[in-house]
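Novice: Take this sequence and fold it.
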Amino acid sequence: MSDPIPVAVPRKGRPLEAVLERIAHVGDDDRLDRLADRVSNVLRYEKSVTKGRTDAADGPYERLAEYSHPGEPNSPEFTLMRDDRDGKPRRIVFDAATVDLGDVRLKLVGREEPFRALRTHEFALGFDSADLVLEEVVGIQSDGLGTIADINQRIDPVDTDVRVVNGLGDTVYHTLMGHPSEVDPGTDLDREFLASYAGPLCISPRYERLVTAVLGTDALEGVEFVYPDPDEEEEAAVARTGLGVYLTVTGSTARDHGLVVGEHLFPSETVLMRNTAESDATVDRAADLVTVDDAASDIRV
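Specialist: Numbers count the residues shown, from 1 in each chain. Here you go, the predicted model:
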C-alpha cells in the first residue's frame, strides 16, 4: 500500500472539528465517526481544563499517555504545547491520525498554522480558516468581496502557490452591526449603507486587513477603524461606537446589546486549500474526495 498523503490541519477548535466531520462524511465509515467523536471529546475536555473550568485529577503527561494508543494504526495521536494564555499552561492538542478513504489514505497532521505550512511547501493539501487567507495574501482593491469563491481571483500568484478549493460549510459570518442611534428604522444595514457612511467603525484589531479586503477601499472612504477597549466585549464596543463588524452565527448576543444585525459580509469558514506547485494526480484525487459537492463556496481549482 502506498504512503498516505500528508494533509495539514488545525490542532484544535471548530476548524479541526469541521475537518474531521467532513472526513467522516465522505468516508462513510463508523470508524471515522468514532475518530471524530474521540478527538472532539478529548480536545473539548482539555480546553475546559486549560480555561480553568474543569479540575483534572491527573497531570497533562498522564492524560496524554491515557489518550495515546500507539499500537492502534488508526488511533489519533495527541501532543503537548504551550498555550498562549497567561502563565503559558501546557495544553493537549491534536497531533496526527491516518484515515482510509477507499483507495486514498490521508495522514492528518496537526499544525498551528496550516495555511503557512502550505505556503512554505511543506504540504500539498491542508485545511485552515478562510480568514487567514484574507489576512495574508488576498489583494486589497477598491471593491470588496463577499464569497469564498471570490478569493482566488484576488491572490497574486507571485505571493503564493496556494489556492482555495472550497469551503466546509462551518460558517460564522463577519457581519455589519449598528446601534439604532446610527441606523434609522427601516434602513437596510448593508454595503450600500456603509458606502455613504462617514465615521468610526468598530472592529477587532486583528481583522483590519480582512475587513478592508471584504469591504473595499471605496466603501471605507471617510471611515475610521476603532477598537474595543481592553477587556471590553466586542458587541458592547460596537454599541458604544454606533457601527461595527463582528463575527456572529445568529446575532442573538448582538441583539442583547441592542444592536441591529445587518448584512453578512463574508463567511468565516474552514476551507480546503491546495498548493498547486506540489499537486499531482494523487493529491488531486484526495482533494476531489473531500470536496463538499453541494457547497455554495465550491471553486474547483
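
Novice: what residue ranges in this structure are flagged as low confidence?
Specialist: Counting by pLDDT under 70, the ranges of the chain that qualify are 1, 85-88, 249-250, 292-301.

Novice: okay, which residue is most central for it?
Specialist: residue 129 (2.6 Å; CA atoms, centre = their mean).

Novice: Does that residue touch residue 273 like I think?
Specialist: No: applying CB atoms under 8 Å as the test, residue 129 and residue 273 come out as separate, 10.4 Å apart. C-beta coordinates here come from the backbone N, C-alpha and C atoms, glycine included.

Novice: before we move on, the earlier item: for the residue nearest to the centre of the chain, give its distance to residue 117.
Specialist: Distance, residue 129 to residue 117, by CB to CB, to the nearest Å: 14 Å.

Novice: Now do the helices in the stretch 51-200 of the chain.
Specialist: 60-67, 114-119, 130-136, 191-195 (DSSP state H, counting those that start in this stretch).

Novice: and the first one, which residues are buried?
Specialist: The reference is to helix 60-67. 60, 63-64, 67 (16 or more other CB atoms under 10 Å).

Novice: for the last one, same thing?
Specialist: Of the residues in helix 191-195, those buried by neighbour count under the rule 16+ other CB under 10 Å are 191, 193-195.

Novice: if we can go back for a sec, so which of the helices of the stretch 51-200 of the chain comes closest to residue 11?
Specialist: helix 114-119 (8.9 Å; CB to CB).

Novice: Tabulate the buried residues of helix 60-67 (TSV), appending distance to residue 244.
Specialist: Formatted as TSV, those follow (distance: CB to CB, whole Å):
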residue	distance to residue 244
60	38
63	40
64	41
67	40
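
Novice: picking up where we left off before, any chance you could list residues touching both of residue 129 and residue 273?
Specialist: Common neighbours of residue 129 and residue 273 (criterion: CB atoms under 8 Å, 6 or more residues apart in numbering): residue 115.

Novice: So residue 27 sits against residue 100, correct?
Specialist: Yes: between residue 27 and residue 100 there is a contact under CB under 8 Å: 7.3 Å.

Novice: secondary structure class for the nearest residue to residue 194 once chain neighbours are set aside?
Specialist: Nearest non-adjacent residue to residue 194, counting by CB to CB, 6 or more residues apart in numbering: residue 219, 5.2 Å away. Assigned by DSSP: H, G, I helix; E, B strand; the rest coil, the conformation of residue 219 is coil.

Novice: mind listing what residue 219 touches?
Specialist: 144, 191, 194-195.

Novice: from the buried residues of helix 60-67, which is closest to residue 43?
Specialist: residue 67 (10.0 Å).
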